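> Here is my input; please provide its structure:
(2 chains)
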Protein chains: 2
Amino acid sequence: MSSWFAPVYFEDHTFGQLSKWIAEYDPSIIYLLVDENTHEHCAPLILRALDIPQRIELIEIPAGEEQKTIDIAIHIWSALTELNTDRKALMINVGGGVICDLGGFVAACFKRGIAYVNVPTTLLAMVDAAHGSKTGVDFEGLKNQIGLFNPPKATFVHDGFCQTLSKREFTAGFAECVKHALIADKELWHAFLLNGQPDPDLIGHYIEPSIEIKKQVVESDPLEEGRRKILNFGHTVGHAIESFFLEHAVTPLLHGEAVAMGLIAELYISSRTCGLSEAELLIATDYIKAVFPIYRIPERNFDALIRLMEQDKKNDGGLINFTLISEPGTSIVNFNTDEITLIESLAFINQHANQPTVEFKPSGSSATSI
Amino acid sequence: MSSWFAPVYFEDHTFGQLSKWIAEYDPSIIYLLVDENTHEHCAPLILRALDIPQRIELIEIPAGEEQKTIDIAIHIWSALTELNTDRKALMINVGGGVICDLGGFVAACFKRGIAYVNVPTTLLAMVDAAHGSKTGVDFEGLKNQIGLFNPPKATFVHDGFCQTLSKREFTAGFAECVKHALIADKELWHAFLLNGQPDPDLIGHYIEPSIEIKKQVVESDPLEEGRRKILNFGHTVGHAIESFFLEHAVTPLLHGEAVAMGLIAELYISSRTCGLSEAELLIATDYIKAVFPIYRIPERNFDALIRLMEQDKKNDGGLINFTLISEPGTSIVNFNTDEITLIESLAFINQHANQPTVEFKPSGSSATSI
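Numbering: from 1, shown residues only, chains lettered A, B, ... in the order given. Purely as a prediction, here's the structure:
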């Protein structure tokens, strides 16, 4: 069994390292899993750097969270079957969270498992999704409902790919850096407050400490039986918002955007139930709304969001399970709260909204736009 | 991580033990995965024995290997989602190889894994499929193409269920006992030769040593990197025959029936390439054809069978990988052979066929019956 937190290569010659790693592993064939963006902007750089004799096949899927489905996984399994793929094949996931999560799941289940490595191309994947062995697909409107723990053999981080991201995509990824600081690193949090808006040219300085926080947490509890739940700060509400927008909004949120909104809600719950001071709540909320887009959620949808939270994978015994912070850098797992506080926390997001109204899809008679 | 070979409860009060085990694990809800046969013949006995407060839901799927698909897995995930199932749920697989393999796969991937236990109800599952952590579904005509290693928490064997099996189903399961003896236990093999046709009333004596062989092998190499491959004796040819009949024959073979035919072919290959004596080959072949149905395979389909063997999960570097025996009780892994020997081994099955011709499905212009 590989380590649950795979080795991270993060240096000037990342893809030279990848080439060496492949030569040592000696796979029978290599699949590069890409979407149309990483096919254009990232795959060429990787392919140029690979000095290996193996056959390389590109598998391209459409970009976007709405592609992270069991149907797309089945399409990829078909392609691998078609090509008589054996168990010594290697999959290289070149993309953001969707590609890393989906590719890791596909690799886990093909002929009881083939090896894979991650080459994260979004900031979010570099600091979060590419590490920690969680793989899976969304199912019936629920995030990562079908999936499993399956570690990559290694992860190769090239922060230069941040230059290929839109400002929207780059900023969204930074939400996971903010989460890491809030749950476990007060100093990093203070550095964020001091420097304001993140800069793609300087982000390298933040990527390593952020990976380091995730590594320490994952290694202490790889299968999320206790402490690892701290990484879910902002995600109980965030996943519900993400799922809801994915199903109902004309344009879905990016994962990091939903997490930023979830962080505001869970900071509020932290202040009401586990001692986060009012001052820290307001400083953090002001920072988050200065950096990230915060959308209004129509009050009539609060109930639907709470129903989605009831499906959260952390739950146990029917209660919604939260990770909260008592102060920046100090997190506590397995908190419950009452429905009134939960509704207040969603209203608190709305008080701090900074975006124009979102258009929702018409659905039967309840066509709405907010 | 559980042990790769889960504890086996095999005693007079098996379901009393199951009841105790559940009380200790304390799941949030229990799902009994059954097919229409085990729903009728096995579930009532189990339910009567369970003295627990948890809610129990039955999930019934149609019986048969053709149900071991990703589509059925998706239906079960939908049912679990519908019922707001959390990660503390328990799945109890009540059935033969199909239910154990499918249920273990479904449990592995739901919310990154819920616990499951096996209650094997066929002889085949009691001695083989319920143990050893291999789970999965068939895919595009290939056996267990999508799946993974996922150990049950425990396995509860009640040999009385053998009385509920048809003679055909019971006999087919005995093929795995024969395989276990041939690869690892000369004395057990001699006992089989002496006693001839197995008897459901006396099978208890054979179940324990058969499980013990599997246990020793699995524990020495849980992820099939080397020695565990000996358990595939008879299965390289057997799986190809099973897949072929599943797709083309009007009535599919049972897994054990295909394995019995595969054993004859691989005994032949053993005699040609790794020193199994002619005498042992004939004794073993005569025994197998006295106990199991052996069907003729039209020569025009030999090529299609070899193409299926090329998809075998054990293969590496394009060659078909065989497990063979040099004498009963002594097996050797990672053998290749030439195509002529392979074709001879299929012809050798035909020489020993003891069944009337099989009807194949009409398929386009090549409608055939043999």
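> just the angle between the host helix or strand of A:V106 and helix B:97-109, please?
A:V106 is part of helix A:97-109, with elements assigned from DSSP states H and E. Here helix A:97-109 points in a direction 150 degrees away from that of helix B:97-109 (axes from the mean of the first three to the mean of the last three C-alpha atoms, to 10 degrees).
> same for the following helix or strand past helix A:97-109, what does it pack against?
Sequence order places strand A:115-120 as the next helix or strand after helix A:97-109, per DSSP H and E. Strand A:115-120 sits against helix A:14-25, strand A:90-95, helix A:97-109, strand A:155-156, with contacts defined as 3 or more C-beta pairs under 8 Å, 6 or more residues apart in numbering or on different chains; DSSP states H and E. Every C-beta, even on glycine, is put in place using the N, C-alpha and C of the backbone.
> of all these, which lies closest to B:T251?
Proximity to B:T251 (C-beta to C-beta) singles out helix A:97-109 among the helices and strands packed on strand A:115-120, at 29.7 Å.
> Pull the closest one out as CSV, backbone CA atoms only.
The C-alpha trace of helix A:97-109 is given here as CSV (Å, rounded to 0.1, in the frame of the first residue of the first chain):
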residue,chain,number,x,y,z
GLY,A,97,-10.0,18.9,-8.8
VAL,A,98,-12.4,17.3,-11.3
ILE,A,99,-9.7,15.5,-13.2
CYS,A,100,-7.8,14.5,-10.1
ASP,A,101,-10.8,13.1,-8.3
LEU,A,102,-12.3,11.4,-11.3
GLY,A,103,-9.0,10.0,-12.6
GLY,A,104,-8.1,8.6,-9.2
PHE,A,105,-11.5,6.9,-9.0
VAL,A,106,-11.2,5.5,-12.5
ALA,A,107,-7.7,4.1,-11.8
ALA,A,108,-8.8,2.6,-8.5
CYS,A,109,-11.6,0.5,-10.0
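> got the helices and strands packed on strand A:115-120 as a markdown table, with mean pLDDT and mean neighbour count columns?
Shown next, in a markdown table, are those (pLDDT from 0 to 100; neighbours: other C-beta atoms under 10 Å in any protein chain shown):
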| stretch | mean pLDDT | mean neighbour count |
| --- | --- | --- |
| helix A:14-25 | 96 | 16 |
| strand A:90-95 | 98 | 27 |
| helix A:97-109 | 98 | 27 |
| strand A:155-156 | 98 | 24 |
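> Which one, of these, ends up nearest to chain B?
helix A:97-109 (5.0 Å; C-beta to the nearest C-beta).
> quick one: the closest one near chain B?
Yes: using C-beta under 8 Å from any C-beta of the partner chain, we find that helix A:97-109 touches chain B at A:108-109.
> likewise stretch A:47-58?
No: if you take C-beta under 8 Å from any C-beta as the test, stretch A:47-58 misses chain B, and the best it gets is 11.9 Å.
> Show me which positions of that stretch end up buried.
For stretch A:47-58, a neighbour-count test (16 or more other C-beta atoms under 10 Å in any protein chain shown) marks A:50, A:54, A:56 as buried.
> if I look at A:I22, how far off is A:I29?
Look at A:I22 and A:I29: by C-beta to C-beta, to the nearest Å, they are 11 Å apart.
> overlap in contacts of the two?
A:54, A:90 (C-beta atoms under 8 Å, 6 or more residues apart in numbering or on different chains).
> one step back: quick one, which of the helices and strands packed on strand A:115-120 is nearest to A:P209?
strand A:155-156 (16.0 Å).
> how distant is the host helix or strand of A:I340 from the center of its chain?
Assessed by DSSP H and E, A:I340 sits inside helix A:339-351. Distance of helix A:339-351 from the chain centroid (C-alpha atoms, centre = their mean, to the nearest Å) equals 24 Å.
> Next up, the contacts around A:F161.
A:41-42, A:120-122, A:126.
> ok, back up a step: what's the helix holding A:V106 packed up against?
strand A:30-35, helix A:70-82, strand A:90-95, strand A:115-120, strand A:134-139, strand A:142-149, strand B:142-149.
> just so I know, which of these lies nearest B:V8?
In terms of C-beta to C-beta, the element of those nearest to B:V8 is strand B:142-149, at 17.7 Å.
> And the average pLDDT for that closest one is what?
Across strand B:142-149, the average pLDDT comes to 95.
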